[in-house]
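[1] sequence-free structure coming up:
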């Protein structure tokens with residue numbers, strides 16, 4: 001049987017309707033309008049598809065359009081991709097070429113702080129225990145997951161249950177916060193009010209203070225519910241709003257959350273995309289504590305886990321430090337565990353270094369890698385040199401810096417700046433230095 005085109009079917013239907021002797025004129029008019037709207041929608045959909053194909057061919061010239069015989073690998077579950085773990089237990093995709101999929105990260109502008117105030121990957125905690133460096137008025141436990149390496153802390157849902165990392169000092173005026181999340185059991189039945197509340201507060205109790213800056217990340221799946229932002233400055237609310245955002249896929253696929261606070265300014269990224277940037281959101285100098293709260297999750301069915309929580313002072317601008325001091329050291333460039341593969345969220349720092357080199361055309365740099373003390377001296381020496389080479393390659397491949405302007409070296413574990421017996425100290429020792437020549 002010959003298949004009729006959509007326009008032919010539409011013509012037959014219209015002719016049939018318009019020839020009915022009992023048809024009301026007003027009904028015919030409405031039917032005609034609906035038919036025209038249907039045609040317009042079909043044309044718009046076709047145009048959108050063609051535009052998407054054209055953009056894909058421009059942005060990804062090496063990718064072939066999937067066919068019936070060629071599966072679309074872009075829709076694979078990320079947990080099935082080749083992966084490894086970073087030094088902090090992070091399970092990440094391994095790229096065969098350092099420039100693969102990094103075009104968007106070349107503009108990623110998050111720069112982590114360079115002085116670690118707090119780090120926890122729960123590696124020092126026993127499975128089943130509540131983590132030793134946290135406090136709560138509810139419950140929770142450290143667990144192992146089949147889908148990821150390392151230890152993870154499971155939040156438990158409940159009314160006003162707070163989870164508070166125990167910091168050794170108050171939050172400074174300028175700092176960054178990073179962590180990884182893994183969720184389970186999310187589907188179209190997940191409540192629209194299922195949210196992770198991230199609250200910067202002026203006290204370390206289980207009660208909301210008179211000064212706070214709160215962001216609520218949505219986990220509901222049957223709609224795009226937006227990111228809610230609200231604050232209080234001396235008990236007066238100045239912002240209470242919902243930012244349009246659709247992060248349904250991100251929250252199901254191990255998102256990396258990055259937050260930067262620069263005095264009153266607050267920014268938040270989910271993976272490489274910035275969703276929140278509010279210049280007058282934080283009560284400057286009064287917020288001391290970070291608190292987490294899980295709302296709207298169905299206990300036993302929907303679960304949320306956190307790991308690799310890092311809070312670091314700084315995160316302002318490495319460019320000025322490099323230009324004025326001629327040297328900058330950062331532990332914000334992260335690598336996969338035991339390898340020189342750079343994690344994608346680290347490219348904000350490399351981007352800033354490239355901007356200095358582009359501005360100072362005569363500047364030359366030495367890139368020096370450092371590791372923690374895990375592993376043998378020989379292996380760490382080689383690893384530190386390989387990591388310095390990887391950063392050099394990124395500057396060349398992604399940011400078009402001349403190779404003649406860059407030298408590399410590695411010191412292994414020989415120059416520690418932190419205690420290799422603690423997770424905080426190890427994180428400080430895994431660093432990269434840029435030295436002006």
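    Okay, I see it. The model shown is predicted, which means the values in this text are computed figures rather than measured ones.
[2] mind checking the SS state of residue 161?
    coil (DSSP: H, G, I helix; E, B strand; the rest coil).
[3] so what's it up against?
    136, 137, 138, 139, 293, 294 (CB atoms under 8 Å, 6 or more residues apart in numbering). Just so you know, the C-beta spots here come from the backbone N, C-alpha and C atoms, and that holds for glycine as well.
[4] put together CSV for the residues you listed, with neighbour count and pLDDT on each row.
    CSV is the format used below for the contacts of residue 161 (neighbours: other CB atoms under 10 Å; pLDDT from 0 to 100):
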residue, neighbour count, pLDDT
136, 17, 97
137, 13, 95
138, 17, 93
139, 12, 91
293, 23, 95
294, 25, 95
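[5] show me which of the residues you listed is closest to residue 205.
    Of all the contacts of residue 161, residue 205 sits closest to residue 137, with 9.2 Å by CB to CB.
[6] so how far is residue 158 from the closest one?
    Distance of residue 137 to residue 158, given as CB to CB, to the nearest Å: 9 Å.
[7] pLDDT score for the most centrally placed residue in the chain?
    Nearest to the geometric centre of the chain sits residue 271, at 2.0 Å (CA atoms, centre = their mean). Note for residue 271: predicted pLDDT of 88.
[8] just checking, it touches residue 250?
    Yes - counting by CB atoms under 8 Å, residue 271 touches residue 250, with 6.1 Å between them.
[9] ok so, going back, for the residue nearest to the centre of the chain, what are its contacts?
    Residue 271 neighbours (CB under 8 Å, 6+ apart): 250, 255, 256, 345.
[10] closest one of the residues you listed to residue 275?
    Using CB to CB, residue 250 comes nearest to residue 275 of these, at 9.8 Å.
[11] leaving out the residues flanking it, which one is nearest to that closest one?
    Among residues not flanking residue 250 along the chain, residue 270 sits closest, at 5.2 Å (CB to CB, 6 or more residues apart in numbering).
[12] so what pairs up with the one you found in the strands?
    residue 257, residue 273 (DSSP bridges).
[13] roughly how far does it sit from residue 224?
    13 Å.
[14] which one's more surrounded, the two?
    residue 270 (19 against 12; other CB atoms under 10 Å).
[15] how close does the more buried one sit to residue 348?
    14 Å.
[16] cool, residue 235 as well?
    Distance from residue 235 to residue 348, by CB to CB: 35 Å.
[17] neighbour count for these two, which is higher?
    residue 348 (23 against 8).
[18] other SSEs contacting the helix or strand that one falls within?
    Assigned by DSSP states H and E, residue 348 belongs to helix 347-359. Applying 3 or more CB pairs under 8 Å, 6 or more residues apart in numbering; DSSP states H and E, we find helix 347-359 packed against helix 318-325, helix 377-397.
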